[in-house]
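K.L.:
sequence below, structure please.
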Amino acid sequence: MEQTEYSEATKKILIVDDVAINREILGTLLEDEYEILEAVDGEDAFKKIIANYSSLSLILLDLMMPGVDGFQVLELLRANNYTAVPVIIITANSELEYEKRGLLLGAVDFIPKPFDPDIVKYRVDAHVKLKNYQDHLESLVEKSVAKMAATWTHMIQALAEVIECRNQESGQHVKRVTRIVQLIIEAMNKKKMLEYYFPPKAARYVAESSALHDIGKIGIPDAILMKPGKLTDEEYVIMKTHATIGYEMADKFTEFCDDDYRKYSLEITLGHHEKWDGTGYPNGRAGRAIPLSARITAIADTYDAITNDRVYRKGQTHEAALAILKDQRGKQFDPWLIDLFVENEKTIATLANKDLIYN
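P.N.:
Here you go, the predicted structure:
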């Protein structure tokens, strides 16, 4: 019974080759057992991978293509952590260096052209079965730790709320930020762009981790944290240390968490005050050198801070917050994400305070 459970998983294969006859040959060899998708080049492949990532069993990737070639596809997949789907290289070039380079970039096997039907079927079947088995094992592991993960998430949430209350907030700020981050990611993922996309598990972890963004404020003196007026230059220097304090705290708190949860928690605590133009803190990172998770959290945090009462001022309208975000497009914030926010501003404004992830 266990064997049947993972061997009957959805079998979907993406064939990436700029030569139509090659796609046709492979498709004909495999279509009886697999659902076949085709991509005509590297750029087309990215769109297909994003749209079908959770259901893909295998990618057959040509190396020599115009524009974005197979090596670049492998590099981008590895850089963006799209490594769960195995990639088999298909190429007419038999040089050993090509094979080595492809394998070093993350490919799992190599099928030469012209295609031998038996070799194609054997290698494809073997890697699909292996992936299905690995997916089955991962599912069992995820089920066994789900309860522990949920408990940990609520503990982190409770701690973040305590810190907000110390800052004379209601504790709802972290809930709203988490919700806004989730809404931004949902809108972002619909665009299906590789550089602006989180797989489902990562999307959940980023939203949950955003609750920790200001955890470092626990190390800021009350006289500064709860000051009703503008901070002095000296006080502001101390306030800015909450990013590094938060990073150090998250480093300890998430030591035994899932690796991805830990990664996003560290990115967000340290990077949510970095600015697109490089004038932020603590490290002055700029542009895409700032992790995507932190760029999204920065927008959510700023929007919620503007539209709700703070110790030092009353909350402003949605329209006022939107004007500030637009003004900081390309300065404080990622311009693409601001455009996305504006495009979805009515949905975000409506749902930011509803159906909060944590009740």
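K.L.:
so where does I268 fall, helix or strand?
P.N.:
helix 259-271 (DSSP states H and E).
K.L.:
output the contacting helices and strands for the helix or strand that that helix is followed by.
P.N.:
Downstream of helix 259-271, the first helix or strand assigned by DSSP H and E is helix 292-307. Applying 3 or more Cβ pairs under 8 Å, 6 or more residues apart in numbering; DSSP states H and E, one finds that helix 292-307 contacts helix 172-189, helix 200-209, helix 259-271, helix 318-327, helix 335-343. (Glycine included, C-beta is placed from N, CA and C.)
K.L.:
can we see that at 7 Å?
P.N.:
Judged by 3 or more Cβ pairs under 7 Å, 6 or more residues apart in numbering; DSSP states H and E, the packing partners of helix 292-307 are helix 172-189, helix 259-271, helix 318-327, helix 335-343.
K.L.:
tabulate the CA atom coordinates of the helix holding I268 in CSV.
P.N.:
What follows is helix 259-271, C-alpha atoms only, in CSV (Å, rounded to 0.1, in the frame of the first residue of the first chain):
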residue,chain,number,x,y,z
ASP,A,259,16.1,25.8,7.7
ASP,A,260,13.9,27.9,5.4
TYR,A,261,11.9,29.4,8.4
ARG,A,262,15.2,30.2,10.0
LYS,A,263,16.6,31.8,6.8
TYR,A,264,13.6,34.1,6.3
SER,A,265,13.5,35.1,10.0
LEU,A,266,17.1,36.2,9.8
GLU,A,267,16.6,38.0,6.5
ILE,A,268,13.6,39.9,7.8
THR,A,269,14.9,40.9,11.2
LEU,A,270,18.1,42.2,9.8
GLY,A,271,16.9,43.6,6.5
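K.L.:
how distant is it from the center of its chain?
P.N.:
Helix 259-271 sits 11 Å away from the centroid of its parent chain (Cα atoms, centre = their mean, to the nearest Å).
K.L.:
buried stuff in it?
P.N.:
Buried residues in helix 259-271, defined by neighbour count with 16 or more other Cβ atoms under 10 Å: D260, Y261, R262, K263, Y264, S265, L266, E267, I268, T269, L270, G271.
K.L.:
ok, now which ones touch the last one?
P.N.:
Think G271. Residues in contact with G271 (Cβ atoms under 7 Å, 6 or more residues apart in numbering) are R285, I290, P291, A294.
K.L.:
redo that, cut-off 6 Å
P.N.:
G271 makes contacts with I290, P291, A294, as judged by Cβ atoms under 6 Å, 6 or more residues apart in numbering.
K.L.:
what about the closest residue to it other than its chain neighbours, how many neighbours?
P.N.:
Excluding its sequence neighbours, the residue lying closest to G271 (Cβ to Cβ, 6 or more residues apart in numbering) is A294, at 3.2 Å. A294 is flanked by 27 other residues according to other Cβ atoms under 10 Å.
K.L.:
A294 touches I268, doesn't it?
P.N.:
Yes: between A294 and I268 a contact is recorded at 5.2 Å, counting by Cβ atoms under 6 Å.
K.L.:
how about stretch 338-357: buried residues?
P.N.:
Buried positions in stretch 338-357, judged by neighbour count with 16+ other Cβ under 10 Å: I338, L340, F341, N344, E345, I348, A349, L351, A352.
K.L.:
and the residues you listed, which two are furthest apart?
P.N.:
With distances taken as Cβ to Cβ, the most widely separated pair in these is I338 and L351, at 18.5 Å.
K.L.:
what is the neighbour count of the nearest residue to N81 once chain neighbours are set aside?
P.N.:
Among residues not flanking N81 along the chain, A202 sits closest, at 7.7 Å (Cβ to Cβ, 6+ apart). Taking other Cβ under 10 Å as the criterion, the count of residues near A202 is 18.
K.L.:
please renumber the chain so that the first residue is 285 from this point on.
P.N.:
All right, first residue 285 from here; so that's A486.
K.L.:
hang on, T591 packs against T601?
P.N.:
No: T591 sits out of contact with T601 when judged by Cβ under 6 Å, with a separation of 7.2 Å.
K.L.:
neighbour count: those two, which is higher?
P.N.:
T591 (19 against 11).
K.L.:
relative to R579, how far out is the more buried one?
P.N.:
Distance, T591 to R579, using Cβ to Cβ, to the nearest Å: 19 Å.
K.L.:
sorry, back to before: possible to save the buried residues of stretch 622-641 as TSV with pLDDT and distance to Q456?
P.N.:
Shown next, in TSV, are the buried residues of stretch 622-641 (pLDDT from 0 to 100; distance: Cβ to Cβ, whole Å):
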residue	pLDDT	distance to Q456
I622	98	24
L624	97	24
F625	97	20
N628	95	21
E629	93	20
I632	89	16
A633	86	16
L635	82	14
A636	76	11
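K.L.:
between those, which sits nearest R407?
P.N.:
L624 (40.6 Å).
K.L.:
show me the shaky parts of the stretch 435-584 of the chain.
P.N.:
For the stretch 435-584 of the chain, applying pLDDT under 70 flags the ranges 435-455.
K.L.:
can we see that at 80?
P.N.:
Along the stretch 435-584 of the chain, segments meeting pLDDT under 80 span 435-456, 478, 539-542.
K.L.:
tell me where the stretch 285-434 of the chain has strands.
P.N.:
With strands called from DSSP state E, counting those that start in this stretch, the stretch 285-434 of the chain shows them at 296-300, 319-323, 342-346, 371-375, 393-396.
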